[in-house]
Structures are given as structure tokens and as C-alpha cells.
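Visitor: dropping the sequence and predicted coords here.
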Amino acid sequence: MQDMTIILGHYGLLLALLASGWSALAALLGAASASPGLQRSAERSLQVCAGLTVMVTVCLVSGFLTDDFRLNYVHSYSSVSQPLPYKIGALWGGQSGSLLLWVLILLVMGTLMIRTNRNKNRALMPVATAVVALTATFFMILLNFIESPFVTGPAHADGVGLNPQLKNYWMMIHPPTLYLGYVGFTIPFAFGIAALVTRRTGDMWFRTTRRWTVFSWFVLGTGVLLGSYWAYIELGWGGYWAWDPVENASLMPWLTGTAFLHSVMIQERKGMLRVWNMLLIILTFSLSIFGTFLTRSGIISSVHSFATSNIGPAFFIFLVLIFFGSLVLLIMRLDHLKSKARLESVLSRESTFLFNNMILVGIAATILLLTTFPILSEAVTGRKVTMGPPIFNMVNIPWALILLALAGIGPLIAWRKASIGNLKRNFTLQSLVGAWVLIFFLVVFDRYSFLPAVQRLFGALGRLDVAGVLDEFKTFYPALTFGIGAFVVGTTLVEFFRGTRVRVRKYEESVATALSQLMWRNKRRYGGYVVHVGVVMIFCGIASSSAYQIEQRQMLDPGQYLEIDDYLMRYDGYELEAKDDYYGSRVHVSLYDRNSGKALGSLYAEQRFHPNMMVQPLRESFLRVKELGRTGSGDYQQGVLALYNLVPGLEERAGREVKTPSTEVGIAKFFSPLQASRWGEDFYVIPLAVDPASGRASFRVFVNPMINFIWFGGLIFVLGSIFSILPDSRERKRLEAALALEERAVA
Amino acid sequence: MRLKGLAGLVVVMGLMLTAPAAADLDPVEHKIATRAILCDCGCHPQSVEDCACGRAAQMRREMAGLIESGPPGGDGTGMTGEELIGHYVALHGEQVLITPSADGFNLVAWIGPFVGLFAATTILLLMLRRWKAAQPVTADGAPVEIDLEDPYLKRLQSELEELE
């Protein structure tokens, strides 16, 4: 049976390559010769490829589930004792499995694309199918000839297992979510290229793929948020975003995708920005591929690793072909993309959208520059440098704040030309509210840091100390964020208020009915406003948890206290444990309000070590101690203590060291608005080290004010996005009519 | 209720007073150094202070030792945080710094985005002026004056806004 799955998997991949290759060829020939037969063959072939890839994936999953360690991939990322969900999650734990997941999602989406366009967009479908098939073919080439997941080796008794930090239920959700987002952008890109090739450069290519675009953007954004939350609860440093190259790789296409979503509204309304929109979708798809390339090639660790990475060169060539090939096509079709529409004023909604785009693409470009700067620096000057979180934060935050402000201006500024009256009417109150909030935060929270920061800022300016100047600006960011956030929420509320008021007056509806009807009939628009509110919350959560975070480190014995902010933490005690695939210590702490002495709750945190189960004596000892725990033996704690003493020597002999104990942090969340000073706050406990004999523990403790605003805001982002892509019968009818019109015009 | 809270506070304070205080791990100079130096575990680009891995803990201990007693083979005088940073840079190169220095080619990273922002804004404004519609003119070529504050135009504008 196991032999059969390996054979099926191996040859299934080969057949899938042939199917995707034929699909690409048939689609291109079908487009060139306008042959419906070839196009049908291409579409069927792509669906066959999808079916084969599903089969291949099932074979690989089967290898994980049956512990078939003859497969090198299964051996590297799974083990006998690995819990079932992580055996499945291990599918995307390594390179070849990730590539397989990428192409599987692409082919499923390609199949959906074909099924939903059976009776429409027939002029665009041949080239769109070719683009999807060519992308699939590239990944199939990698899987067949460079990174096959079905390479076999000796039949090991057990596997190495997944990285301990990946053994978390977020591993099941985060990577597939991200990949759905990355891959989803292939469809609007494919239609964009089809529009260029066929010279149908009107609106249809992006209107017909609007839901694909919003879905991909929303899923990618959700993936980014999930990853942040996972980092927050798992990595044990109190933060959620480290500007790691892999994190940046997911953010960049999301930013350009956001620019695209906004910018197409201008094309729909005014017929402008056709070239820019094409460029944006090319950029977004290219960045999705670049993101996968960055994650998988290891290029950022050192420029020298490029030559040793086995898929790096192939990805690089594919990326260059995609990006520059698309650009050449775009340049060739510039005449078909010219717009006669004109702007009437710099002060208009159109201009605001343009500035919004500029900032979004600018932030993406900044992240790209800083992420790749180590390679650039080494190539140009020979200097190796590190781009850590501080420079990313210092350079990006000013951009982000301008963007936030534009989110407040855009909805209310007039189309075409905003008069002084329009500006006064729409922005006076909100600007005043924003200014007051800004002053409030400066005076109440930042008053001790504000004036010294101004002094130091001028000092840094005088010395021409760029880093120093940017560092001092940090002091003003929280107040600016809250002030601008208040402005944005104000303008959004005004939009809801005005729209509801019109319906109440016109249709004599109740306020609740009017509001719900307003939103239901304009899902795209009001869903977008809800997303804006979510983004404001995220910004506020980031600002507060960064600027006002309090940290304390202390070594404690059981029974001792740690004071931080208005909390008192008591280290109650600890216990040793060995279970699943780890041993370690669990520490218990109690929280009190420092002022009133009121008990606020208790929590626990863990430090876990993951023994190398390939080392036989260690394996036996570990399993024996686990059994002691299971039977409630009195020797259990001593048994775990013995493991602590046994492991280091054995690990060194085995040639593998347990580098990183994983940490399960303890988090106490405060949601009740009745505790206003703690609303949205987390008390975050990390056990840095625990002496298993005495229980003496080194703690790192954070108070993260308003950090839960990030996750609440993320939830609102998700809800707003989903709402905006709900089916809309009026929009569907408009789209069908526009499609029919275009078909008649071309015919 | 208030009495209970007060009693609780008294108990807690009493317990605290009987428990010996524990020492803080991070003196100021140590913090200066651990915040500036990159943890070399390779997991995440994080400072020695922030990284939660075992290697970071080891580096923190090493740095604490250097701050107390200076480098091996030295005269036993401790180092300041800045001296410790310089010591690591001398040993391993400037890649150990979590934040690159703002000099030489590194200025491209520090200033480039702001220069880009300025350039992009300028280009955008110039393009917007080019795209602007030509102002309407009368038959004899005189520009048509449009008063946006005209009451009828204002009423139309506000009704259009409401319709939106």
C-alpha cells in the first residue's frame, strides 16, 4: 500500500506536469487561432491537472498519516509521536510540501475560474487559462525535477518531527490562509494579461474579477493578522511583528493589492488610471511570487546562499519573466490604455485616491528596499548589515500615518473638485475632534517625554543625525495615531449618519431600517468603511502597545512578588511535566491590583524542551517518564528532573542540540470596560529560565496596553471584507449588462 | 466592599514585606548593549534583549560578564554598554547591530524612502497639473468663471453628496 502511494505520487506529479503543460500550450494556440476546440481542451486539461494534484496531495498526506519514513519529506517533518493535526500540517512544513500546496490551491482556483466563466468572458479566457496553466507548469517543474516530495531514502523507524514552535494549532490555519491570498491574485493577474493581449483594456477584466481580488486581499490580510497573533502567543518576546523577511514578503503584495482595490474605483468612475491599474496587478502578482521566492530561497540570509539554494535560481528566472514580460506587454499596449478623462482639481477625491496609492506603493517599496538591503549593501560595498525592526519602524511609521489620514479624507472629499465650503462642511468638526484627541494624548500620556523629545530632536537635527531625528519622532507617533484615528472614525461616522438621514427622510424608515438598508444596498462601500474602522483600531492598538508597553525582568523564587505598573504578580509555584513530545516546567502566577489588592486572576506559563527521539537512551527515558506521569506515580517529578540532567550530554553526542526551548507564554486579558484603565490590555508572562530543582525562575513580564485592539480591529477588518463581497443582485445585473455590451461591441 | 479591598491590600503588602526582594537582572549598560546587538540564533532579526531563545539567554550572560569584568585577557575593568557594542562590532562586523549605522551607503536605507516620498509627491503633483482639464472658455476665448460658492451650485453639490 505504501509502495503504491509513493508510485502514485511520483507519477501523478509527472502526469500533472504534462497536463498543465498541454493546457498552457492549447490555451495559447487556442487564443492565437480563435479555436474553441483547443480552448476546451486547455480548460479540461487544467482540470485534469487539478484532479491529479489532489491525488498527489492525498498520497503525501497518506505518507504522513501512515508514518512512511521512507519518504525523506515525511522523515524530516513528522514523527511517530507527533499529534495527528500536526502530521497533516507538516504537509506545508517544508519546501516541497509548500510548493505542492501552492500549486494545489492554484489549480483549484483555476478550476473555479473555468467553471464560473463557462458562459462569459470567452474572449479573455484562453489567455487567462494560459497564464494560470503556465504558472502551474512552473511549479510542477520544480516539484518534479528540483524539489520532489516523493524522494525516498532508508526506512527509518521514526522521523525528526516538526519544529517545536510550529506545533501549534495556528500552524493549521496561518500558512494555508496566506497561500490562499498569494495564489488568489493569480486570477485577476491572468485576466489583466488577457485584457492586454486581446486589447480589451476596458473595465471588464477587473470588474469580472473583483470578488477574486477582494477575496485574495482579505484572505492575505487575515493571514498576516493570524501570523502576528501566532507570533505574539508563541514566540515569547511580547511582540507580534519583527519585520522578518518572511513577514515582509506577505505584507508587500497586500499593500499593492490594497492600492489596486482603491485605484480601480477611479477607473470605474472616471475611466482613468488604466495603465496604473495594470501596473498594480502586475506588481501585486509579482510580489506574491517574490514573497514565495524570498521565503523559500533563503536569499536574504546571505547573498552567497542564493547559489546554494536549489529553487532560488528557478524562481528568480520565473519572476524576471513574469515581471518584465508583463511590463513589455503593457508598454506595447499603451495606446489602448490611454484615457481621455481629466482631473479637475488637485483637491478632489480622485487626487486623494492617487495619493493613497502613492503611499501604499511607497510603503511596499520601502519594505522591499529594507528587506533586500543586506544583499544590496553586500553586493555594492561588501559591507554586511542587518535591517532589524527599529529601522523598519522609524522609516515606515510616517508613511503609515499619512495613509491613515487619507483614509479619513477620501470618503468625504468631493469628487471632481472640492470647494472651500465642501472642505469646511465635511472636515471641520472631525479635524477639531482629531486635534483635541491628539492634544489630550500629548498632555495626559506624553507630557513627560514630549518636551525632552523636542529638545533632543533639535539636537539631532543640528548634528544631522538621521537615525537620531527619526528616533525622537517616535515620541509623537502615539498621539498622532490617536488624533488621526479619531479624525477617520469621525468622517466614517458622518458618512453613515448622512446616508441614514437621507433614507429616513426619503423613505420614512426607522433609523435601524435605514442604516441596514443603506449598508445592504451599498455593501462594497459600507463594507469598506467598516474595514477602515478596523484599520484604525489596529493602528491604535499598535501605537499604544508599542509606545506605552512596560517591561520588567526579575528572578523569583516561589512565593516572591514582582511589581509592574499597577499590577502585583506572585510566583505561586511550579511543576515539572513530560507529555506529548516535550518535557519542561509549568509555572503558576497570581495577579493582584497593586493599589487595591484585589485579585485579578491566575495564569500559567511553560517552558518546554523537545528531546531528540532519534537518540535511543533518551527516547526510552522520555517514554518511561511519560508513563510515570500517566499513571500518577510519585516518582514522576523526579523522573522529569532526571531528564533535565540526562539530555544535554546525550544531545551533544547525537550531534544535535536542542537550541530553542519553546515557551508557552501566560497571558491575562482584560476586556471589561468597567476596568477602563486596563481595557484591551494584556498582562504577558514569559518564563525565561526555570531551575527544575529549586523552581527559581527568571521572568520577563510585559504590560501591553490596548494590544487587543489589534485583534478586535482585525476581526472588524474580516467582517467588513466579507460584507463587501457578499453577492449583490444589482451589481451582478450591472456586470452582466456591461459584459453583454462589450461582447456586442467587439462582435 | 471598600473594607474588604483594604484588608486584601494589607494582607498582600504584609506578604510582600515578609518575602525577600529579588535582584533585577538588567543594569542600564547591559540593556544598552542587549538592545543594540542582534541575537545570532538566526530565527528572527531580533535584539539579544528581545529574543526569547536559548542562544539569546546565553548571549545575555556573556554580555553581563563582559560588562562586569571586560574581555578575557584584559585588565579586569568592566565595559560600558557602548564599549561592549564596539567590542562586538570589532569582533563580528557591523552586521551584529540590529540597527544599521546612518552613514555611507546605509544612508540609502535611512533617507531613500523619504527622498522617494518627496520625489513621488512632486511627480504626482506635476502629473495632476498636466491631467487637469483645460478650463472651459467662451466663444471669444475668455475663461468661464465658475463660482463654486454659487448657491444653486452649492445646493446641487450637497444633494449629489446626499444621493451618493
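Guide: Cool, got the structure.

Visitor: what's the weakest-modelled helix or strand in the chain?
Guide: As the question left the chain open, I've gone with chain A. Ranking every helix and strand in chain A by mean pLDDT, DSSP states H and E puts helix A:305-308 at the bottom, with a mean of 42.

Visitor: now do the following helix or strand past it: distance to the chain's middle.
Guide: Later in the chain than helix A:305-308, the nearest helix or strand by DSSP states H and E is helix A:312-332. Chain-centre distance of helix A:312-332: 24 Å, with C-alpha atoms, centre = their mean, to the nearest Å.

Visitor: tell me the buried residues in the helix or strand that comes right after helix A:312-332?
Guide: Of the helices and strands lying after helix A:312-332 in sequence (DSSP H and E), the nearest is helix A:334-337. Within helix A:334-337, the residues that qualify as buried are A:Leu337, counting by 16 or more other C-beta atoms under 10 Å in any protein chain shown. Using the backbone N, CA and C atoms, a C-beta is placed for each residue, glycine as well.

Visitor: check whether the helix or strand following helix A:334-337 contacts chain B.
Guide: Using DSSP H and E, the helix or strand that follows helix A:334-337 towards the C-terminus is helix A:349-381. Yes. Under the criterion of C-beta under 8 Å from any C-beta of the partner chain, helix A:349-381 makes contact with chain B via A:351, A:354-355, A:358, A:362, A:365-366, A:369-370, A:373-374, A:376-377, A:380-381.

Visitor: then stretch A:225-238?
Guide: Yes. Against chain B, stretch A:225-238 shows contacts by C-beta under 8 Å from any C-beta at A:235-238.

Visitor: just these now: which is nearest A:Ser326?
Guide: Using C-beta to C-beta, A:Leu235 is the member of these that sits closest to A:Ser326, with 37.0 Å.

Visitor: pretty sure that closest one is touching B:Asp50, no?
Guide: No. With contact defined as C-beta atoms under 8 Å, A:Leu235 and B:Asp50 do not form a contacting pair (9.6 Å).

Visitor: output the contacting helices and strands for the longest helix along chain B.
Guide: The residue-count maximum for a helix in chain B (DSSP state H) belongs to helix B:107-131. In terms of contacts (3 or more C-beta pairs under 8 Å, 6 or more residues apart in numbering or on different chains; DSSP states H and E), helix B:107-131 is packed against helix A:349-381, helix A:389-409, helix A:466-473.

Visitor: mind saving the C-alpha coords of the last one as PDB?
Guide: Put plainly, it is helix A:466-473. Extracted as PDB, the C-alpha positions of helix A:466-473 are listed here (Å, rounded to 0.1, in the frame of the first residue of the first chain):
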ATOM      1  CA  VAL A 466      19.200  61.000  10.600                       C
ATOM      2  CA  ALA A 467      18.700  58.000  12.900                       C
ATOM      3  CA  GLY A 468      18.500  60.300  15.900                       C
ATOM      4  CA  VAL A 469      15.900  62.500  14.300                       C
ATOM      5  CA  LEU A 470      13.700  59.600  13.400                       C
ATOM      6  CA  ASP A 471      14.100  58.100  16.800                       C
ATOM      7  CA  GLU A 472      12.900  61.300  18.500                       C
ATOM      8  CA  PHE A 473       9.800  61.400  16.300                       C
END
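
Visitor: and A:Arg700, that one's in a strand?
Guide: Yes. Counting by DSSP: H, G, I helix; E, B strand; the rest coil, A:Arg700 is found in a strand.

Visitor: okay, and the beta partners of it?
Guide: For A:Arg700, the beta-bridge partners are A:Arg553, A:Ile686 (DSSP bridges).

Visitor: check what pLDDT it gets.
Guide: Per-residue confidence (pLDDT) for A:Arg700: 91.

Visitor: quick one, what contacts it?
Guide: Contact analysis of A:Arg700 by C-beta atoms under 8 Å, 6 or more residues apart in numbering or on different chains lists A:238, A:551-553, A:685-686, A:688, B:52.

Visitor: same check, this time on A:Ser345
Guide: Shown in contact with A:Ser345 (C-beta under 8 Å, 6+ apart): A:351, A:416-418, B:132.

Visitor: highest neighbour count among the residues of helix A:349-381 next to chain B?
Guide: Of all the residues of helix A:349-381 next to chain B, the highest neighbour tally under other C-beta atoms under 10 Å in any protein chain shown goes to A:Leu354, namely 26 neighbours.

Visitor: from A:Glu350, how far off is the closest residue to it other than its chain neighbours?
Guide: Excluding the flanking residues, the one nearest A:Leu354 by C-beta to C-beta, 6 or more residues apart in numbering or on different chains is B:Leu124, at 6.2 Å. Separation of B:Leu124 from A:Glu350 (C-beta to C-beta, to the nearest Å): 12 Å.

Visitor: give me the more crowded residue out of these two.
Guide: Between B:Leu124 and A:Glu350, counted using other C-beta under 10 Å, A:Glu350 has the larger neighbour count: 27 against 16.

Visitor: give me the pLDDT value at the more buried one.
Guide: Confidence score, pLDDT, at A:Glu350: 85.

Visitor: surely it touches A:Met272?
Guide: Yes. With contacts counted by C-beta under 8 Å, A:Glu350 reaches A:Met272, the gap being 7.1 Å.

Visitor: need the residues touching each of those two.
Guide: Jointly contacting A:Glu350 and A:Met272 under the rule C-beta under 8 Å, 6+ apart are A:266, A:343.

Visitor: for the stretch 301-450 of chain A, give me the ranges with low pLDDT.
Guide: A:301-309, A:340-341 (pLDDT under 70).

Visitor: can you do 80?
Guide: Residue ranges of the stretch 301-450 of chain A with pLDDT under 80: A:301-310, A:339-345, A:416-417, A:445-450.

Visitor: please enumerate the helices of chain B.
Guide: Under the criterion DSSP H, chain B contains helices at B:2-18, B:28-36, B:54-69, B:81-92, B:107-131, B:151-163.

Visitor: could you export the fourth one as CSV, CA atoms only?
Guide: The one in question is helix B:81-92. Only the C-alpha atoms of helix B:81-92 are listed here, as CSV (Å, rounded to 0.1, in the frame of the first residue of the first chain):
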residue,chain,number,x,y,z
GLY,B,81,27.3,49.4,27.0
GLU,B,82,28.7,51.4,24.2
GLU,B,83,32.2,49.8,24.6
LEU,B,84,30.5,46.4,24.6
ILE,B,85,28.8,47.3,21.3
GLY,B,86,32.1,48.4,19.8
HIS,B,87,33.7,45.2,21.0
TYR,B,88,31.1,43.0,19.2
VAL,B,89,31.3,45.1,16.1
ALA,B,90,35.1,44.8,16.1
LEU,B,91,34.8,41.0,16.5
HIS,B,92,31.9,40.2,14.1
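
Visitor: lowest-confidence stretch among the helices of chain B?
Guide: helix B:2-18 (a mean of 49).

Visitor: domain ranges for chain B?
Guide: As given by automatic domain parsing, the domain ranges for chain B are B:23-99, B:102-132.

Visitor: the longest one and chain A in contact?
Guide: I take that to be domain B:23-99. Yes. Residues of domain B:23-99 are located near chain A by C-beta under 8 Å from any C-beta, namely B:23-26, B:38, B:41-47, B:50-55, B:57, B:93-99.

Visitor: stretch A:500-509: which residues count as buried?
Guide: Across stretch A:500-509, burial judged by 16+ other C-beta under 10 Å covers A:500, A:502-504, A:509.

Visitor: again but with stretch A:491-501, I slipped
Guide: A:491-492, A:494-496, A:498-500.

Visitor: same question, stretch A:27-47
Guide: Going by neighbour count (16+ other C-beta under 10 Å), the buried part of stretch A:27-47 is A:27-31, A:38-39, A:41-43, A:45-47.

Visitor: tell me which of the domains of chain B is the most buried.
Guide: Most buried of those, by mean neighbour count (mean count of other C-beta atoms under 10 Å in any protein chain shown): domain B:23-99, with a mean of 18.
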